[in-house]
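Engineer: coords below, sequence missing:
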């Protein structure tokens, strides 16, 4: 609702949808007693590759982006809002980690 994008979940299908198009994915996996969490937002990306596959194993699944829906075009715009919403939802107080504890940035090949 932050950017007037009304999204919902679908029974039996992982992800977050606007109409018939998937805009985000979430995942939790437990393996050998460890949990792995994932979150992916289609913010502003080339969606053409999704036309050549069955996204998430679903034939004909449409994929969209936040930008195409009138939302923001950068992670920098989404990140503070997402963190605030998650913190409020789970009753958390977020604090920035000292720079020495952060994971290194990935390098382009």
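Structural biologist: Received, thanks. The structure displayed is predicted, hence computed values, not measured ones. Numbers count the residues shown, from 1 in each chain.
Engineer: Provide a complete list of residue ranges assigned to helices in this protein.
Structural biologist: 75-90 (DSSP state H).
Engineer: where in the protein is pLDDT low?
Structural biologist: 1, 102, 108-109 (pLDDT under 70).
Engineer: max-length strand in it?
Structural biologist: If you go by DSSP state E, the chain has its longest strand at strand 21-31.
Engineer: residues of it that come out buried?
Structural biologist: 21, 22, 23, 24, 25 (16 or more other Cβ atoms under 10 Å). For glycine as for every other residue, the C-beta is placed from the backbone atoms N, C-alpha and C.
Engineer: what's it packed up against?
Structural biologist: strand 13-18, strand 34-41, strand 62-63 (3 or more Cβ pairs under 8 Å, 6 or more residues apart in numbering; DSSP states H and E).
Engineer: just how off-centre is the second one within its chain?
Structural biologist: If I follow you right, that is strand 34-41. 10 Å (Cα atoms, centre = their mean, to the nearest Å).
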